[in-house]
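> Below is the structure, and that's it, no one-letter string:
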């Protein structure tokens, strides 16, 4: 049995652009789009709306919150980093590395969801850890296997180990902690978020094992996947950079859908496609502007609601 969704939260951006406060650690962001800020913002909104329509067409309920144009929140399109929802009507609020991303924690969003009959019994608010320069950015930092109650976490300046243990204690998850890296300017640099190098589905996992330099850590992950009888789809570091790890399985009535960007889909190899389509219907959508400027893909745009 999988865990069926109640609904999905997505935030429609107003001031989307390349966030200069995150570019230092997010090597997926780039400035190769030779477009002015208004065009970038309009393109991102168009890409966002198309993705929402595709998700809704698969039968999922999507709550779309319109970001306020008065807010300096270039990354508001990625709500999964500051909030997670859990199937016992608990939610978690997270400490964010970039100061302008802290503005995304918007009480109006919670009021909007409550108005739409999404109820919460308890809020775990970890955001005060920002005062200690400690960060944990939701399901960016943690890839949650909600069925087997495991939290896969790659350490970076945006993913603090002490906070991982605190979350896992509060929500009864087993922490599986490791380090992952990518090549950048002839150096091995920490990958900023776990969810760009792996994605856990009910029956399979997509993971860039070659990003884990330590052989023992790599073996630890493989053993965990095998214990849970998940088929491992290994991707290359080049595919990682094309957002193949930043995908998400959504389930409804035991039907599995795997959502990803066109960029990710077009970089899949035939043998990978064959394995994935055995389990899931693949839905891809063009989000080229969002990926290039924001440095995050489809998975980052979706906050799943399980209550």
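Ah, there it is. Just so you know, these numbers come straight off a predicted model, no measurement behind them. Residues are numbered from 1 along each chain as shown.

> alpha carbons only for contacts and neighbour counts from here, please
OK.

> Residue 45 and residue 156, how far apart?
Residue 45 sits 30 Å away from residue 156, going by CA to CA, to the nearest Å.

> what's the answer for residue 219, then?
From residue 219 to residue 156 the distance is 20 Å (CA to CA).

> Tell me where the stretch 1-150 of the chain has strands.
7-12, 62-66, 83-85, 90-93, 122-125, 142-145, 150-154 (DSSP state E, counting those that start in this stretch).

> What lies in contact with the shortest one?
The contact list for strand 83-85, computed with CA atoms under 8 Å, 6 or more residues apart in numbering, reads 91, 92, 93, 94, 105, 138, 139, 303, 304, 305, 306, 307.

> Can you tell me which of the residues you listed comes closest to residue 223?
residue 139 (21.9 Å; CA to CA).

> in terms of contact, does that closest one touch residue 195 like I think?
Yes: with contact defined as CA atoms under 8 Å, residue 139 and residue 195 form a contacting pair (7.0 Å).

> Can you point out the buried residues in the helix or strand of the chain with the lowest mean pLDDT?
When the helices and strands of the chain are compared on mean pLDDT, DSSP states H and E, strand 181-184 comes out lowest with a mean of 88. By 16 or more other CA atoms under 10 Å, the buried positions in strand 181-184 come out as 181, 182.

> For the stretch 1-150 of the chain, give me the ranges with low pLDDT.
Across the stretch 1-150 of the chain, the ranges flagged by pLDDT under 70 are 1-4, 19-35.

> Helices along that one, start to end?
37-57, 107-115, 138-141 (DSSP state H, counting those that start in this stretch).

> Just the buried positions in the longest one, please.
Neighbour-count burial for helix 37-57, counted by 16+ other CA under 10 Å, picks out 40, 41, 42, 43, 44, 45, 47, 48, 51, 52, 55.

> Verify the stated contact: the fifth one with residue 16.
The reference is to residue 44. Yes: at 7.0 Å, residue 44 counts as touching residue 16 under the criterion of CA under 8 Å.

> just the helices in the stretch 151-300 of the chain please.
Applying DSSP H, counting those that start in this stretch to the stretch 151-300 of the chain gives helices spanning 161-171, 215-227, 237-241, 262-267, 270-279, 288-289.

> Export those as JSON lines, with columns for distance to residue 128 and mean pLDDT.
As requested, these are exported to JSON lines (distance: least, CA to CA, whole Å; pLDDT from 0 to 100):
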{"stretch": "helix 161-171", "distance to residue 128": "11", "mean pLDDT": "98"}
{"stretch": "helix 215-227", "distance to residue 128": "31", "mean pLDDT": "98"}
{"stretch": "helix 237-241", "distance to residue 128": "32", "mean pLDDT": "95"}
{"stretch": "helix 262-267", "distance to residue 128": "35", "mean pLDDT": "98"}
{"stretch": "helix 270-279", "distance to residue 128": "40", "mean pLDDT": "98"}
{"stretch": "helix 288-289", "distance to residue 128": "33", "mean pLDDT": "94"}
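
> Residue 118 is nearest to which of these?
Closest of these to residue 118 is helix 161-171, at 19.4 Å (criterion: CA to CA).

> so how far is the closest one off the chain centroid?
18 Å (CA atoms, centre = their mean, to the nearest Å).

> Could you name the helices and strands sitting against it?
strand 174-178 (3 or more CA pairs under 8 Å, 6 or more residues apart in numbering; DSSP states H and E).

> Each with direction, which strands does the strand it packs on pair with?
When pairing is defined by DSSP bridges, strand 174-178 lines up against strand 150-154 (parallel).

> hmm, back to that, compare neighbour counts for residue 139 and residue 195 and give me the winner.
residue 195 (29 against 26; other CA atoms under 10 Å).

> Quick check: the more buried one touching residue 243?
No: judged on CA under 8 Å, residue 195 makes no contact with residue 243 at a distance of 9.5 Å.

> Now for residue 300, how many residues are close by?
Neighbours of residue 300 (other CA under 10 Å): 24.

> Tell me the pLDDT of it.
You'll see residue 300 listed with a pLDDT of 96.
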